[in-house]
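[1] for reference, the sequence and a predicted model appear below.
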Amino acid sequence: MTKQNNVDNDVVIEPGQVALSTWRRILREAPTVRLAEGARAVVDACHATILELIGTGRPIYAVNTGFGKLATVRIDNDQLEKLQQNLIFSHSAGTGELLSDDLVRLILVMKAGALAQGYSGVRWQVVDALLALANAGVYPCIPAKGSVGASGDLAPLSHMAAALMGMGEVRYQGKVLPAADGLRHAEISPMTFGPKEGVALINGTQVSTALALAGLFAAEDSLRAGLVTGALALEACRGNDTPFDARIQAVRRHRGQQDVAAIYRRLIEGSPIRESHRASLKVQDPYCMRCQPQVMGACLDNLRHAANVLGIEANAVSDNPLVFPAEGDVLSGGNFHAEPVAFAADIIALAICEVGSLSERRQAMLVDATLSGLPAFLIENSGLNSGFMIAQVTSAALTSENKMLAHPASVDSIPTSANQEDHVSMACHGAYRLVQMNDNLVTILALEWLAAAQGVEFHRPLQPAAPLADAVQRLRVEVARLDQDRYLAPDIAAAKRMLGAGVLGDIAGSPLFDDAA
């Protein structure tokens, strides 16, 4: 059965004007999505324009011609539906792991929002069918690999479009089904695509953009958690709070630096640990402690820039050709080229890498008795016990893996389609690697949370500042203090699971991004 509508859970989107917070909700909460009133009229007008232009007999790329290098081949009117069908069949060439249900849901809604802006020439039924799949929880099985980010995400989006035709497979309630069976759960019939509809569905950047948005949202969550774990590590090492003074940040002028320094000041304000040792604080701590506002602030500024780019792209019309009903024109261009998304994904990757790199350096300081003033490797009776020795090695390994993964994807290109499509963006796999990078980062921060909490507790009965004492207490709900060596993997897994669930997010404060659209 189709998911029952719950008006309180509905999201009504105005095509082209969807906020980042709404995309985040669609990704993470699976609300019922409806289009705003008035969307159908512009879609119908655009489709009528395509039909009128076909009647004139003029050649229109991808409507009555071949595709790519075959654009000079003219297709007879009685073969136009076959042309679109063949396009989907031949382009369903993706491979690799299947994208998750939440990502596919975001792709479906994003594609529907693009087509509903009335520049793509499709029937309203196509837009409606995409939303029907999303709202029923019927998710086309889309392989993650096969797109070079121009002309759009052709292979993965073809698997999406094939499902609307009853071809391929879908996932419903966690089970993989033939697409034809899945369509019945969404209460829609297999579709035959008319002129322009197949190419409109597969020519676009929605897969790359959905992957990049998911990476962005996860990176924001981790940056907020990293502010808390970084402040907690500062407490454990009895670090100096002077570098967080607002006056230092003000003369540097970067907004991100000023914003994160304000969060740090709130997190460490009134620390009993620091106040008890204020007379003996080091004048200058190592950079991993002292330069947190500068590094984390730069990461925040870059994530905000990526958020702005992706907020625009998620609302963009990125297929080709585009139909302009008012003028009766069909224009071939290059909106499918995902270079903006590729750059944004590279920027997100750099920020993820640096948040983790700074965290790993703090962990190295925590386990080094000469730098931290804490017991070696954060354990009593060290020698018999190794404590956090290898936990820090794991963090170092993941940090270096992220450095490798952070190599820019956008600087690569490889010609395709017999050199017709001779420069491509590599946005899709540039965004897909963010999944692994974010997973690594959550683990790195979980390891810091464990180590910093352990370090702070060596100062008992003195307590850290109240927000950080709360962070330690939340950890101790599931992970006990390490009094002697024990099998450590479950502790790491528990801390990682808690961070992934956003346990520290509210301690850092409100979301860090403007709600750009």
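    Nice, thanks for sending it over. Numbering: from 1, shown residues only.
[2] now do the contacts for the nearest residue to Ala495 once chain neighbours are set aside.
    Closest residue in space to Ala495, ignoring its immediate chain neighbours: Ala446 at 3.8 Å, by CB to CB, 6 or more residues apart in numbering. Glycine gets a C-beta too; all of them are placed from N, C-alpha and C. Counting by CB atoms under 8 Å, 6 or more residues apart in numbering, Ala446 touches Ile492, Ala495, Lys496, Met498, Leu499.
[3] what are the phi and psi angles of the closest residue to Gly297 other than its chain neighbours?
    Distances taken as CB to CB, 6+ apart put Gln257 closest to Gly297, at 3.0 Å, once the chain neighbours are dropped. Main-chain dihedrals, Gln257, degrees, to the nearest 10: phi -60, psi -40.
[4] state the distance from Gln257 to Ala200.
    The spacing between Gln257 and Ala200, counted by CB to CB, to the nearest Å, is 44 Å.
[5] and what of Cys428?
    19 Å.
[6] by mean pLDDT, flag the weakest helix or strand of this structure.
    Each helix and strand of the chain was given a mean pLDDT (mean pLDDT, DSSP states H and E); the minimum falls on helix 272-276 at a mean of 90.
[7] who touches the helix or strand just after it?
    Going down the chain from helix 272-276, the next helix or strand is helix 287-290, by DSSP states H and E. Contact with helix 287-290 is made by Ala233, Leu234, Cys237, Gly239, Asn240, Pro243, Gln284, Leu358, Arg361, Arg362, Ala364, Met365, as judged by CB under 8 Å, 6+ apart.
[8] tell me how far the least confident helix or strand of the chain lies from the chain's centre.
    39 Å (CA atoms, centre = their mean, to the nearest Å).
[9] element containing the residue nearest to Ala495?
    Per DSSP H and E: helix 427-457 holds Ala446.
[10] give the buried residues for stretch 133-151.
    Within stretch 133-151, the residues that count as buried by 16 or more other CB atoms under 10 Å are 133-144, 146-151.
[11] would you map the strands across the protein?
    10-13, 32-35, 95-98, 138-140, 143-145, 169-172, 175-178, 322-324, 329-331 (DSSP state E).
[12] would you mind finding the most buried of those?
    strand 138-140 (a mean of 27; mean count of other CB atoms under 10 Å).
[13] what are the pairing partners of that one, and which direction each?
    Applying DSSP bridges, strand 138-140 is found paired with strand 169-172 (antiparallel).
[14] contact partners of the partner strand?
    98, 101, 104, 133, 136-141, 163, 176-179, 181-183, 185.
[15] can you pull the contacts of Pro243?
    Asp285, Met289, Arg290, Cys291, Gln292, Pro293.
[16] could you dump those residues to TSV with neighbour count and pLDDT?
    Shown next, in TSV, are these (neighbours: other CB atoms under 10 Å; pLDDT from 0 to 100):
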residue	neighbour count	pLDDT
Asp285	21	93
Met289	22	97
Arg290	17	97
Cys291	16	98
Gln292	26	98
Pro293	29	98
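[17] just for this structure, where's the confidence low?
    In the predicted model, the chain carries pLDDT under 70 at residues 1-8, 514-517.
[18] now do 50
    Residue ranges of the chain with pLDDT under 50: 1-5, 516-517.
[19] any idea how far Gly256 is from Cys288?
    Distance, Cys288 to Gly256, by CB to CB: 18 Å.
[20] and if you look at Val170?
    Separation of Val170 from Gly256 (CB to CB): 42 Å.
[21] ditto for Trp449
    23 Å.
[22] between these two, tell me which one has more neighbours.
    With neighbours defined as other CB atoms under 10 Å, Trp449 and Gly256 compare such that Trp449 has more, 29 against 22.
[23] and Gln257 and Ala200? Which one has more around it.
    With neighbours defined as other CB under 10 Å, Gln257 and Ala200 compare such that Ala200 has more, 31 against 23.
[24] the more buried one: what's it in contact with?
    Per CB under 8 Å, 6+ apart, neighbours of Ala200: Leu115, Ser120, Gly121, Val122, Val126, Asp319.
[25] how close does it sit to Val424?
    Between Ala200 and Val424 the distance, using CB to CB, works out to 20 Å.
[26] again with Ala451
    43 Å.
[27] and those two? which has more neighbours close in?
    More crowded of Ala451 and Val424, by other CB under 10 Å: Ala451, with 31 against 22.
[28] surely the more buried one touches Thr394?
    No - between Ala451 and Thr394 there is no contact, the gap being 11.2 Å when judged by CB atoms under 8 Å.
[29] where do the helices sit along the stretch 1-150 of the chain?
    Secondary structure of the stretch 1-150 of the chain (DSSP state H, counting those that start in this stretch): helices located at 20-29, 39-56, 80-91, 101-115, 124-136.
[30] show me what the first one is packed against.
    If contacts are counted by 3 or more CB pairs under 8 Å, 6 or more residues apart in numbering; DSSP states H and E, helix 20-29 sits against strand 10-13, helix 101-115, helix 206-236, helix 292-313.
[31] looking at these, which is closest to Gln420?
    Evaluated over these, closeness to Gln420 peaks at helix 206-236, with 20.2 Å, by CB to CB.
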